[in-house]
Every structure is written in structure tokens, then in C-alpha cells.
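Provide a 3D model corresponding to the input given below.
(one chain, ligands or ions: 1)
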Amino acid sequence: MTNKHIIIIGGGAAGFFAAINAAELHPGSKITILEKSNKLLSKVRISGGGRCNVTNHCFEVNELVKNYPRGSKELKQVFSRFNVSDTIAWFKKRGVDLKTEPDNRMFPESNSSETIIDCFMYEAKKYGIDIKMQEEVLELKSVTNNQIQVTTDKNKYVVDSVICSSGGHNQKKNYSFIQKTGHNISELIPSLFTINLPGNNIKELMGLSVQNATVRVEKTKHQYTGPVLITHWGLSGPAVLKLSAFAAKDFFDLDYNANILINWSGELNEEEVKKVFEEFLQTKTQMVNSPLFGIPKRLWEFLLEKAEISPQKPWIELGKKQQNKLAQVLTNDVYNMKGKTTFKEEFVTSGGVNLKEIDFKTMQSKIMPNLYFCGEVLDIDGITGGFNFQNAWSTAFVAASSV
Ligand SMILES: Cc1cc2nc3c(=O)[nH]c(=O)nc-3n(C[C@H](O)[C@H](O)[C@H](O)COP(=O)(O)OP(=O)(O)OC[C@H]3O[C@@H](n4cnc5c(N)ncnc54)[C@H](O)[C@@H]3O)c2cc1C
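Numbering: from 1, shown residues only. From the prediction side, this is the model:
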């Protein structure tokens with residue numbers, strides 16, 4: 001339909017993607033972005049250490065959705081409309097080639113988030129998108145003909161559709177204009193953090209990592225296997241960040257005090273670990289000289305001491321009791337978490353607009369006609385690796401197609 005007026009709330013990743021696609025898909029429409037701050041695309045600029053991790057090299061929708069602690073079910077439908085290949089093609093069509101790193105993260109070839117920003121600014125200009133900065137949306141109200149009256153701190157607009165892409169926040173007051181429409185905001189809690197182990201001397205081994213360890217939170221069902229890194233504060237690495245995201249609510253309820261159990265062997269149980277010992281038990285090799293499971297030598301020594309075994313002991317002298325103790329330390333090593341640390345400033349808020357109140361075929365509100373949502377304002381969040389931006393691109397595309 002031509003001559004529609006569409007307002008986009010928020011000049012971030014989802015807002016720009018929605019605005020550009022709406023302009024392209026609905027020629028003749030008037031599109032206005034309202035941004036409350038004096039900056040556009042500020043998170044895009046600092047994302048991925050200034051390189052912008054645009055998406056992840058994961059083309060199977062069923063695999064892709066596994067990277068979202070909240071929203072995976074709903075995103076299945078959205079990704080069937082706009083997925084990772086669509087993201088790659090979208091940017092390529094506009095002259096931005098993406099490259100894949102060995103861990104599957106995808107970045108612009110230029111290694112600079114400015115390339116993404118330049119692309120968005122160029123497209124916005126091309127389509128004549130009106131961008132109003134330092135204008136904050138305060139209220140949305142349904143008026144006649146299912147139009148929406150948007151009240152800001154400067155103006156009042158009556159428009160045909162509103163796409164709300166106001167992002168994730170850790171304070172409820174930022175969602176109050178949405179709450180006033182009747183939408184519920186699910187609990188806002190941090191996701192993607194590292195584990196603090198105050199007073200634990202494992203921190204002296206900072207910088208060491210194990211490629212395939214399993215971390216879990218005692219008394220919960222959450223456990224993840226992957227690289228674990230020992231840091232100045234405690235524990236980090238992909239497995240820990242994944243745990244922090246999927247167990248975000250449990251950690252919050254436990255006030256970030258919990259026992260963290262590590263299986264340094266990966267996924268073997270005590271009996272299987274003892275089987276691995278068997279071939280060494282015939283040898284006179286000193287235990288310190290034969291670390292198992294890819295555990296770095298200094299960490300192996302630390303774990304031997306934890307199992308009360310002298311690192312110089314030859315394997316052949318390792319008694320049954322000590323074998324049991326070592327197998328236990330290797331598979332069920334306990335650390336007392338006290339607090340968390342934000343991961344390189346890269347955090348997301350779990351929580352946001354309740355997903356039950358959205359029709360994921362269109363991203364339209366089930367409460368207010370012609371109001372659409374996309375991006376991190378929704379109760380959707382992904383783990384690190386480009387998944388949060390993929391959520392922004394896909395939900396924004398579906399909203400833009402539907403207005
Ligand atoms: C340091 C950092 C690094 C990151 N790196 C990556 C990465 O490499 N890859 C990845 O996938 N994810 C990354 N993320 C997460 C990713 O940046 C976000 O998921 C994504 O930016 C969300 O986009 P959005 O448009 O929904 O929200 P935002 O980018 O937060 O944009 C929302 C905009 O709305 C504006 N706004 C809010 N309320 C109003 C209002 N009432 N009226 C008008 N305007 C309003 C805000 O000022 C803001 O500009 C990173 C996050 C951080 C903090």
C-alpha cells in the first residue's frame with residue numbers, strides 16, 4: 001500500500017534493518033526513525049570489539065535456534081522467513097561481503113563495524129528515511145481506523161504502523177511506554193557473564209584453558225561442554241558463557257552464589273576415567289609428566305594436588321583410593337561461585353516483551369493492532385557468536401514485510 005506512514009522506534013540494529021526493508025518492500029511509504037539519544041547504531045559500532053559479529057555460519061534452522069536460551073521456539077518460524085543465508089545475501093547485495101572465522105562467527109571482510117554502519121546510512125539516505133534524533137517515544141495509543149498515535153517528548157504523530165525496536169535494557173522504566181499499551185515485560189535479568197571465584201587459588205593459573213570441559217550448576221539441569229578459560233576473576237570461555245545464558249534465571253535466583261561443577265575430562269564419568277588410567281598404571285612415568293584429556297600441565301599439577309597426590313608420584317604407585325580420588329576431582333571438581341563479571345562489556349538483557357503477546361508470523365502485537373516488535377526489546381536473547389544480531393535482522397525483516 002502506498003502513502004502509509006510507518007514509525008520505527010529506535011535507531012539501532014533492528015530499527016535500521018526494519019526501516020530499510022520497509023522502505024524497499026513498501027515503495028511510497030513515509031518512514032520515520034525516532035531515536036531518543038544523540039547516537040545512531042551505537043551498539044553496532046562497539047559490537048564484536050569494533051568488528052561487528054554480524055551473524056554465525058549456521059545454516060540449519062533447527063541448529064540455529066539452539067543458540068537462543070529464550071525465544072528458540074518462536075524464532076523457528078521467523079528464521080524460516082529470513083535466516084543466515086538471507087543475511088549474507090542481504091549484505092552482499094549492498095556491497096558488504098562477510099567472512100567466516102574458524103569458530104563460525106561471521107564479520108565484514110573489512111573487519112570494521114563502520115562498514116555495516118556506512119551501509120545502513122547509505123541505504124537510509126537512498127530511501128529518504130527520515131531520522132529524528134533526541135526524540136523519545138513516551139506513549140502509544142490506538143486511535144480511529146486502527147492507526148496509532150505516537151507521543152514523543154517533542155511531537156505527536158498519527159501513523160498507520162509502528163515498529164518498536166527500542167532494544168534491551170536492565171531497568172523496567174525503559175519499557176513503560178510499552179507496558180502502557182497493555183504488554184507485559186518479563187523479568188529483566190543479565191545474561192552472558194563470567195563466574196567469579198573469590199579466594200580460589202585456581203585464578204593463579206589465569207590464561208590457561210581446557211578445550212573440552214563440562215561445566216554445570218549444582219542442583220540445576222544446566223550443563224555445557226566446550227572450552228573453559230581460567231581468568232583473573234575465575235572462569236570464562238564459551239562453555240561458561242553458554243552456561244551463564246541458559247542458566248541466567250537460576251543464577252539470578254541463587255543471587256550468583258552457587259557450586260559450579262567441572263568435568264575436566266569432557267563427558268566421561270568416573271568409571272570411564274579410571275579405564276583411561278589403566279594403560280598408565282603399568283608405567284613408571286611421573287604423574288606430573290602425563291597430563292590427560294588435554295589439560296595443561298600446570299592445571300594438571302593443581303588437580304593432582306587437589307586430589308592429594310604428589311605430582312612426582314609414578315603412575316605405577318597410584319593406589320586404588322588415590323585413583324578414585326583423582327577420577328572424582330577430574331569429573332566432579334567443585335568451585336564456589338560468588339558473583340559474576342560482565343563479559344568484555346558484551347552483555348544482553350534476558351527479558352523483555354512477553355513472547356505470548358506477539359504473532360511471530362508477522363511480529364505484530366496481539367494487543368495493539370498495527371504495532372510490531374523486533375530485536376532485543378523482545379524476551380529473546382542469544383549466546384555470543386552473532387546470534388543476537390541475527391535475531392535483530394530476522395525479526396526486523398518479518399516486521400518490515402508485514403506492516
Ligand atoms: C558491547 C556489546 C557488544 C556486542 N557485540 C555483539 C556482536 O558482536 N554480535 C551480536 O550478535 N550481538 C552483539 N551484541 C548484542 C547486540 O548489540 C544487540 O543484541 C543488538 O544491538 C540489539 O539491537 P536492537 O536494535 O534491538 O537494540 P539497540 O541496538 O539497543 O537499539 C535500540 C535503540 O532504541 C533507542 N530507544 C530506546 N527507547 C527509546 C524510546 N522510548 N524512544 C526512542 N528511541 C528509543 C535506544 O537509544 C537505542 O538506540 C553486543 C552488545 C554489546 C553491549
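
Might you list the low-confidence residue ranges for the stretch 301-403 of the chain?
344-346 (pLDDT under 70).

ranges for the strands of it?
333-338, 340-342, 348-353, 358-359, 364-365, 371-373 (DSSP state E, counting those that start in this stretch).

next one: the stretch 151-300 of the chain
Taking DSSP E, counting those that start in this stretch as the test, the strands found in the stretch 151-300 of the chain are 156-159, 161-164, 185-191, 193-196, 209-217, 223-230, 234-236, 257-263.

For the stretch 251-400 of the chain, which residues are neighbours of the ligand?
Applying C-beta under 6 Å from any ligand atom, we find that the stretch 251-400 of the chain lies next to the ligand at 345-348, 375-377, 386-389, 392. From N, CA and C alone the C-beta is placed, and that goes for glycine too.

for the longest helix anywhere in the chain, the distance to its chain's centre please.
As assigned by DSSP state H, the longest helix anywhere in the chain is helix 387-402. On the basis of C-alpha atoms, centre = their mean, to the nearest Å, helix 387-402 sits 15 Å off its chain's mean C-alpha point.

who in the stretch 101-250 of the chain is up against the ligand?
Counting by C-beta under 6 Å from any ligand atom, the residues of the stretch 101-250 of the chain close to the ligand are 136-137, 165-167, 174, 177.

out of the residues you listed, what pair is the most spread apart?
Glu136 and Ser165 (14.2 Å; C-beta to C-beta).

if we can go back for a sec, so what angle separates the directions of the longest helix of the chain and strand 185-191?
150 degrees (axes from the mean of the first three to the mean of the last three C-alpha atoms, to 10 degrees).

ok so, going back, for the strands of the stretch 301-403 of the chain, give me CSV that also has mean neighbour count.
CSV is the format used below for the strands of the stretch 301-403 of the chain (neighbours: other C-beta atoms under 10 Å):
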stretch, mean neighbour count
strand 333-338, 16
strand 340-342, 14
strand 348-353, 25
strand 358-359, 18
strand 364-365, 22
strand 371-373, 26
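
ok so, going back, and the strands of the stretch 151-300 of the chain, which is most packed in?
When the strands of the stretch 151-300 of the chain are scored by mean count of other C-beta atoms under 10 Å, the highest mean neighbour count falls to strand 161-164 (a mean of 28).

bridging residues for Met106?
Taking DSSP bridges, one obtains Thr55, Thr100 as the residues bridged to Met106.

what sits against it?
Contacts here follow C-beta atoms under 8 Å, 6 or more residues apart in numbering; on that basis Met106 touches 53-57, 84, 88, 98-100, 386.

before we move on, what about Asn388?
348, 376, 381-382.

so where do the helices sit in the stretch 251-400 of the chain?
Ranges of helices in the stretch 251-400 of the chain, per DSSP state H, counting those that start in this stretch, are 270-278, 297-306, 320-331, 387-402.

just the ones you listed: most buried one?
helix 387-402 (a mean of 27).

tell me the angle of that helix relative to strand 348-353?
Per the same axes, to 10 degrees, the angle that helix 387-402 makes with strand 348-353 is 30 degrees.

Could you export helix 387-402 as CSV, CA atoms only?
Provided in CSV are the C-alpha atoms of helix 387-402 (Å, rounded to 0.1, in the frame of the first residue of the first chain):
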residue,chain,number,x,y,z
PHE,A,387,23.2,-14.7,17.3
ASN,A,388,21.8,-11.5,18.8
PHE,A,389,22.3,-9.6,15.6
GLN,A,390,20.7,-12.5,13.6
ASN,A,391,17.7,-12.1,15.9
ALA,A,392,17.6,-8.4,15.1
TRP,A,393,17.9,-8.9,11.3
SER,A,394,15.3,-11.7,11.1
THR,A,395,12.6,-10.2,13.4
ALA,A,396,13.1,-6.8,11.7
PHE,A,397,12.7,-8.3,8.3
VAL,A,398,9.5,-10.1,9.2
ALA,A,399,8.1,-6.9,10.9
ALA,A,400,9.0,-4.8,7.8
SER,A,401,7.4,-7.3,5.4
SER,A,402,4.2,-7.3,7.5
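
Select from the residues of the stretch 101-250 of the chain next to the ligand the one having the most neighbours.
When neighbours are counted by other C-beta atoms under 10 Å, Ser165 leads those with 28 neighbours.

quick one on the thing from earlier: got the strands of the stretch 151-300 of the chain as JSON lines, with distance to Thr144 and mean pLDDT columns?
Shown next, in JSON lines, are the strands of the stretch 151-300 of the chain (distance: least, C-beta to C-beta, whole Å; pLDDT from 0 to 100):
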{"stretch": "strand 156-159", "distance to Thr144": "9", "mean pLDDT": "98"}
{"stretch": "strand 161-164", "distance to Thr144": "15", "mean pLDDT": "98"}
{"stretch": "strand 185-191", "distance to Thr144": "28", "mean pLDDT": "93"}
{"stretch": "strand 193-196", "distance to Thr144": "47", "mean pLDDT": "95"}
{"stretch": "strand 209-217", "distance to Thr144": "52", "mean pLDDT": "97"}
{"stretch": "strand 223-230", "distance to Thr144": "52", "mean pLDDT": "96"}
{"stretch": "strand 234-236", "distance to Thr144": "54", "mean pLDDT": "96"}
{"stretch": "strand 257-263", "distance to Thr144": "54", "mean pLDDT": "97"}
